[in-house]
Structure formats: C-alpha cells, structure tokens
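Okay, predicted coordinates and the sequence, questions at the end:
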Amino acid sequence: MKEHIVPSGAKALVVDDNSQLLKSLDLKLTRDGFAVSTAESGDEAVSLLRGGLVPDILLTDAVMPGHVQGWDLARYSKEKYPSVPVIMMSGYARPFVSEEDNCSEIDCFLAKPLGLAAVSEELRLWLVKSNSAVELKVG
C-alpha cells in the first residue's frame with residue numbers, strides 16, 4: 001500500500017470563476033485534509049487576503065473576470081506572504097498578456113482540464129517543498 005503525505009488542516013485558497021470546477025476542487029481538497037477557502041474572482045481573493053486570510057497554499061486560475069487576474073493575485077500573494085506556494089492553472093497555453101507578466105511569482109503551472117487527484121497531489125508536494133509549518137501526516 002502506497003503511503004501519502006496528507007495535510008492536517010493546511011489552508012488552501014482556491015480561486016476560479018468556473019463555479020462547477022471550484023466546487024469540485026473544494027470537495028476533493030476538503031476530503032484530502034485541506035481547510036479550503038474559495039473565491040470566484042481575483043478581486044474576491046484579494047479581499048479575503050486583506051481581510052486576514054493567511055493560506056498555506058494558493059491555487060488560482062490565470063484568466064478571470066474583474067480587475068485582478070491570476071498573475072496579479074500571485075504577485076499580491078507573494079508580496080504579502082513570500083513563502084506561500086502559488087499554483088496557477090489555465091486552459092490557455094500561454095495565459096500571460098505580455099512579457100512583463102511572466103509572473104516569476106508562480107511556483108507551478110497546471111494545464112486544464114485538470115484531474116482532481118493530480119491537483120491535490122501537486123498541492124501536497126508544494127506544501128512539502130515549501131517546508132510549511134503545516135502538520136503533515138503519513139496516512
């Protein structure tokens with residue numbers, strides 16, 4: 001039997017304007033031990049961060065409605081919480097608008113469509129890589 005490292009209440013902020021995908025990710029990550037907060041836009045996610053949410057990991061879509069896009073959110077998150085890994089996902093092959101938006105703040109890029117188990121595993125791996133203070137249990 002393969003052992004998995006499972007987050008014990010690791011706080012994941014998940015941001016996507018596709019409400020069906022957002023709900024699916026919320027359910028999967030919650031089942032896998034994450035404490036999930038969701039936002040349907042970058043604007044909403046920034047409001048959560050400004051309101052005191054301190055995630056252990058951020059998973060965000062690249063292109064969303066509103067003023068704050070995924071790369072803007074990644075930049076804001078890294079300025080506020082430099083050690084928090086930022087995982088960006090997109091259905092676009094190149095989600096960046098210009099060369100200035102190469103977004104070195106992104107730790108990992110995932111191409112849509114996504115397998116939910118693969119996303120959960122990627123988040124676990126980045127929590128381990130970031131040496132997060134989150135308690136990780138072998139299960």
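On my side now, so go ahead.

Can you say which helix or strand has the residue nearest the centre of the chain in it?
For the chain, the residue nearest the mean C-alpha position is residue 59 (1.1 Å; Cα atoms, centre = their mean). When elements are assigned from DSSP states H and E, residue 59 belongs to strand 57-61.

Kindly report the same for residue 117.
In this assignment (DSSP H and E), residue 117 forms part of helix 116-129.

related to what we said a few turns ago, now the strand holding residue 59, how far from the centre of its chain.
Centroid displacement of strand 57-61 relative to its chain, using Cα atoms, centre = their mean, to the nearest Å, is 2 Å.

quick one: it to helix 116-129, angle?
Interaxial angle of strand 57-61 relative to helix 116-129 (axes from the mean of the first three to the mean of the last three Cα atoms, to 10 degrees): 140 degrees.

the strands in the chain, which residues?
For the chain, the strands defined by DSSP state E occupy 5-7, 11-15, 35-39, 57-61, 86-90, 108-111, 136-138.

what's the most buried one of these?
strand 57-61 (a mean of 28; mean count of other Cβ atoms under 10 Å). Backbone N, C-alpha and C define where each C-beta goes, glycine included.

show me the contacts for residue 108.
By Cβ atoms under 8 Å, 6 or more residues apart in numbering, the contact list for residue 108 reads 85, 86, 87, 88, 122, 126.

correction: residue 58
12, 13, 15, 45, 73, 74, 77, 84, 85, 86, 87.
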